[in-house]
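Engineer: Using only what follows, build the 3D model:
(chains A and B)
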Amino acid sequence: MPNTELATFLAHSVELESEAKERYEELADTMAGHHNDVVARFFQRMVREADHHLSEVMQLAQQTELPVLKAWEFEWPEAEAPETSSYEAMHYRMSLRQAMTLALQNERAAECYYRQFAQRSADAETARIAAQFADEEVSHAAELERLIDDLPENGAHLLEEDDEPNMPE
Amino acid sequence: MDTVPLKAKDFKSGVKPIWCPGCGHFSVFNAITKAMAALAISKDDTVMVSGIGCSSRLPAYVDSYGFHGVHGRGLAIAQGLKVARPDLTVLAMGGDGDGFSIGGNHFLHACRRNVNLTYIAMDNEVYGMTKGQASPTTAMDWDHSKLTPHGPGVRPFKPAALALAAGAPWIARGYSGNPNQMAKLIAEAIEFPGFSFVHVMSQCITFCPEQTDWKSIVHERQEPAVTDTDEAAKLFLHDDGFMTGVLYRQERPTWPPPASITREDANAEQLAAAFKV
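Structural biologist: Residues are numbered from 1 along each chain as shown, chains lettered A, B, ... in the order given. Here you go, the predicted model:
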């Protein structure tokens, strides 16, 4: 008999990692277009990381027939998948520290999602895999914390530019 | 032979959007591709039509047919196209300046004419492409532009109320911070048999950074769409402008009447004869 809880969980995991990767791709491209090259390179790195995680999840899901869900049929704690960078948090002048902090929040949100799924799952196999994914997100978050610690201080403000938007003087 | 269902990303053209990072239009773009994937729409039978402005760049980013028209004329082009080719799925799109100012007249008549197409207005309450001037939906006291240092001083349009008054049969409101809900709205809009208007609050992170606060204000309507026009009028005149969901729905005959024109009729002489031009 197919394990529907595992299939549903894996479908959500694939979507979570796919959305994270696609959003980072979008952000890397648009930051490069706005000449914020440092942040663009960081988001490109996050694309590679997300792609790696997605491949791992998809490999695990290979033996399971996943339900086909429409975008609005996924059940997330908030409006979008937990590891997806919020548009409201973006700015073309964001600093590397701000970008890394955002990525760290994403990893923590994903960990929280996987951990809660593990805790409430009635299926032992689903709970085991969800807990494993949560632990992996913890290690990703730790790596980002190390990167942030290595940054110089005072990097948490928007970068300056010569051509400010048309704002009151 | 079975075909593999297309995913949302398969509906992206590969042309990289040049919107500012954080722009709400990215979210609308993603919602459109998600809706197309969910409905398994044929790329070859779909056309995106736009006017001018930041949001009107969108057709270039979707892997379908597209027409980047002239300012405010996206709806005129889209209606002509749908009348000539009723077999196509037509989506018109643009911003608040394009749709409610220079294209305001086309918007009113598109609402009352009820051609079977979807119009997505990405409303950030500002002319972004020209660096931040007040639009028809800008708040009276918005003083961020040097052209209106004390605010525009005139009341903003209420696009949903305007659409209802002009006769639009299907009205929804979405928010760029919730692309999955917006995808559902757009899918429903495409499936509605008539003119469907999706008003999207789509933040401009560059000229209106205060719009990031919308996330804490937006609320989703839990009740089904209103079908009574009087009730809808009360809803739109008194709502706070931040209620999302399908707000109004009333099916009525589309224009042109069925069978008055077919794809085979679509040449200038036959069109003129069909409509007694």
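Engineer: And the residue of the stretch 1-150 of chain B that's closest to chain A?
Structural biologist: B:Gly22 (3.0 Å; C-beta to the nearest C-beta). In this view, the C-beta of every residue, glycine as well, is placed from N, C-alpha and C.
Engineer: Secondary structure element for that residue, which one?
Structural biologist: In this structure, B:Gly22 sits in neither a helix nor a strand according to DSSP states H and E.
Engineer: Equivalent analysis for the one 3 residues further on, please.
Structural biologist: Using DSSP H and E, the secondary-structure element containing B:His25 is helix B:24-39.
Engineer: contacting residues for the most centrally placed residue in chain A?
Structural biologist: Nearest residue to the geometric centre of chain A (C-alpha atoms, centre = their mean): A:Glu83, 2.9 Å. Contact analysis of A:Glu83 by C-beta atoms under 8 Å, 6 or more residues apart in numbering or on different chains lists A:16-17, A:19-20, A:50, A:106-107, A:109-110.
Engineer: Which single one of these is nearest to chain B?
Structural biologist: Among those, and counting by C-beta to the nearest C-beta, the member closest to chain B is A:Glu19, at 9.2 Å.
Engineer: Share the number of residues neighbouring the closest one, please.
Structural biologist: A:Glu19 has 25 neighbouring residues, counting by other C-beta atoms under 10 Å in any protein chain shown.
Engineer: go on, B:Gly80?
Structural biologist: Residues near B:Gly80, counting by other C-beta under 10 Å: 14.
Engineer: what's the spacing between it and B:Ala121?
Structural biologist: 19 Å (C-beta to C-beta, to the nearest Å).
Engineer: For chain A, what lies in contact range of chain B?
Structural biologist: Neighbours of chain B within chain A, by C-beta under 8 Å from any C-beta of the partner chain: A:22, A:26-27, A:29-31, A:33-34, A:36, A:68, A:70-72, A:74, A:76, A:79-80, A:86-92, A:94, A:165-169.
Engineer: Just the buried ones from these?
Structural biologist: Among the residues of chain A next to chain B, those buried by neighbour count (16 or more other C-beta atoms under 10 Å in any protein chain shown) are A:22, A:26-27, A:29-31, A:33-34, A:36, A:71-72, A:74, A:76, A:79-80, A:86-92, A:94, A:165-166.
Engineer: Per-residue pLDDT of the closest residue to the residue of the stretch 1-150 of chain B closest to chain A other than its chain neighbours, please?
Structural biologist: Excluding its sequence neighbours, the residue lying closest to B:Gly22 (C-beta to C-beta, 6 or more residues apart in numbering or on different chains) is A:Met90, at 3.0 Å. For A:Met90, the pLDDT comes out at 91.
Engineer: So A:Met90 sits against B:Ile205, correct?
Structural biologist: Yes - in this structure, A:Met90 is within contact of B:Ile205 by C-beta atoms under 8 Å, at 6.5 Å.
Engineer: And the helices in chain A?
Structural biologist: A:4-33, A:37-61, A:96-120, A:124-149 (DSSP state H).
Engineer: Packing partners of the longest one?
Structural biologist: Helices and strands touching helix A:4-33, as assessed by 3 or more C-beta pairs under 8 Å, 6 or more residues apart in numbering or on different chains; DSSP states H and E, comprise helix A:37-61, helix A:96-120, helix A:124-149.
Engineer: So which bits of that helix are buried?
Structural biologist: Buried residues in helix A:4-33 (16+ other C-beta under 10 Å): A:6-33.
Engineer: repeat for the last one
Structural biologist: The neighbour-count criterion (16+ other C-beta under 10 Å) identifies A:126-127, A:129-131, A:133-134, A:136-138, A:140-141, A:144, A:147 as the buried residues of helix A:124-149.
Engineer: and the angle from it to helix A:37-61?
Structural biologist: 160 degrees (axes from the mean of the first three to the mean of the last three C-alpha atoms, to 10 degrees).
Engineer: and the residue of chain A found nearest chain B, what is it in contact with?
Structural biologist: Of all residues in chain A, the one sitting closest to chain B is A:Met90 (3.0 Å; C-beta to the nearest C-beta). A:Met90 makes contact with A:27, B:21-22, B:205 under the criterion C-beta under 8 Å, 6+ apart.
Engineer: thinking again about what came up before, B:Trp255 is nearest to which of the helices of chain A?
Structural biologist: helix A:4-33 (38.3 Å; C-beta to C-beta).
Engineer: Bridged to the most centrally placed residue in chain B, which residues?
Structural biologist: Of all residues in chain B, the one closest to the mean position by C-alpha atoms, centre = their mean is B:Ile120, 1.0 Å from it. Under DSSP bridges, the beta-bridge partners of B:Ile120 are B:Met93, B:Val198.
Engineer: Return the residues in contact with the closest residue in space to A:Gly33 that isn't next to it in sequence.
Structural biologist: Computed as C-beta to C-beta, 6+ apart, the closest residue to A:Gly33 that is not its neighbour in sequence is B:Ile18, at 5.4 Å. Applying C-beta under 8 Å, 6+ apart, we find B:Ile18 in contact with A:30, A:33, B:57.
Engineer: Repeat that for B:Thr137.
Structural biologist: B:Thr137 touches B:96, B:100, B:123, B:125, B:156-157, B:159, counting by C-beta under 8 Å, 6+ apart.
Engineer: Turn those into JSON lines, including distance to B:Glu210, pLDDT and secondary structure.
Structural biologist: Converted to JSON lines, these look like this (distance: C-beta to C-beta, whole Å; pLDDT from 0 to 100; DSSP: H, G, I helix; E, B strand; the rest coil):
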{"residue": "B:Asp96", "distance to B:Glu210": "16", "pLDDT": "97", "secondary structure": "helix"}
{"residue": "B:Phe100", "distance to B:Glu210": "20", "pLDDT": "97", "secondary structure": "helix"}
{"residue": "B:Asp123", "distance to B:Glu210": "15", "pLDDT": "98", "secondary structure": "strand"}
{"residue": "B:Glu125", "distance to B:Glu210": "10", "pLDDT": "97", "secondary structure": "coil"}
{"residue": "B:Pro156", "distance to B:Glu210": "15", "pLDDT": "96", "secondary structure": "coil"}
{"residue": "B:Phe157", "distance to B:Glu210": "19", "pLDDT": "94", "secondary structure": "coil"}
{"residue": "B:Pro159", "distance to B:Glu210": "20", "pLDDT": "97", "secondary structure": "helix"}
